[in-house]
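Enquirer: give me a 3D structure for the following:
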Amino acid sequence: MRRPALIVVAFLTALLLESTVFSEMRLLGARPELIILVVALVALAEGPNVGAVAGFAIVTGTEILLLLIAGIFVIEVLSLIIQVVS
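Expert: Predicted structure coming up:
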């Protein structure tokens, strides 16, 4: 039970760092992808089957989380437009 919690914490930390600290950083012209690094480390530590499941879950979770954040942003912008127009 401890390992899945550790994987989730590593994923959320990587997502937070990738979207804030490393968003404008370039290493040899490329942006560092910490989420892929977390998936690779999970696969090395736990084996290929757990790595594949964790990779699928992390990528799916990232897309859903970013979609929710974008949806909240759209709602805020629409609210602001309605307030300005009225």
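Enquirer: how far away is Ile7 from Gly51?
Expert: Separation of Ile7 from Gly51 (C-beta to C-beta, to the nearest Å): 10 Å. For glycine as for every other residue, the C-beta is placed from the backbone atoms N, C-alpha and C.
Enquirer: between the two, tell me which one has more neighbours.
Expert: Each of Ile7 and Gly51 has its neighbours counted (other C-beta atoms under 10 Å); Ile7 has more, 21 against 17.
Enquirer: isn't the more buried one right next to Ala54, touching?
Expert: Yes - using C-beta atoms under 8 Å, Ile7 is in contact with Ala54, at 5.8 Å.
Enquirer: quick one: distance of the lowest-mean-pLDDT helix or strand in the chain to the chain centre.
Expert: Least confident element among the helices and strands of the chain, by mean pLDDT, DSSP states H and E: helix 48-85 (a mean of 80). Counting by C-alpha atoms, centre = their mean, to the nearest Å, helix 48-85 is centred 9 Å from the centre of its parent chain.
Enquirer: list the buried residues in it.
Expert: Buried positions in helix 48-85, judged by neighbour count with 16 or more other C-beta atoms under 10 Å: 51, 54-55, 57-58, 62.
Enquirer: in JSON lines: the residues you listed, plus distance to Leu80.
Expert: Shown next, in JSON lines, are those (distance: C-beta to C-beta, whole Å):
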{"residue": "Gly51", "distance to Leu80": "43"}
{"residue": "Ala54", "distance to Leu80": "39"}
{"residue": "Gly55", "distance to Leu80": "38"}
{"residue": "Ala57", "distance to Leu80": "35"}
{"residue": "Ile58", "distance to Leu80": "33"}
{"residue": "Thr62", "distance to Leu80": "27"}
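Enquirer: most widely separated two among the residues you listed?
Expert: Largest separation among those by C-beta to C-beta: Gly51 and Thr62, giving 16.0 Å.
Enquirer: CA atoms of stretch 62-81 as CSV?
Expert: In CSV, the C-alpha atoms belonging to stretch 62-81 read as follows (Å, rounded to 0.1, in the frame of the first residue of the first chain):
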residue,chain,number,x,y,z
THR,A,62,-2.1,14.1,-16.5
GLU,A,63,-4.5,14.6,-19.4
ILE,A,64,-7.6,14.6,-17.1
LEU,A,65,-6.0,17.0,-14.6
LEU,A,66,-4.9,19.4,-17.3
LEU,A,67,-8.3,19.2,-18.8
LEU,A,68,-10.0,20.1,-15.5
ILE,A,69,-7.6,23.0,-15.0
ALA,A,70,-8.3,24.3,-18.5
GLY,A,71,-12.1,23.9,-17.9
ILE,A,72,-11.9,25.9,-14.7
PHE,A,73,-9.9,28.6,-16.6
VAL,A,74,-12.6,28.7,-19.4
ILE,A,75,-15.4,29.1,-16.7
GLU,A,76,-13.5,32.0,-15.1
VAL,A,77,-13.0,33.7,-18.4
LEU,A,78,-16.6,33.3,-19.4
SER,A,79,-17.6,34.7,-16.0
LEU,A,80,-15.4,37.7,-16.5
ILE,A,81,-16.7,38.3,-20.0
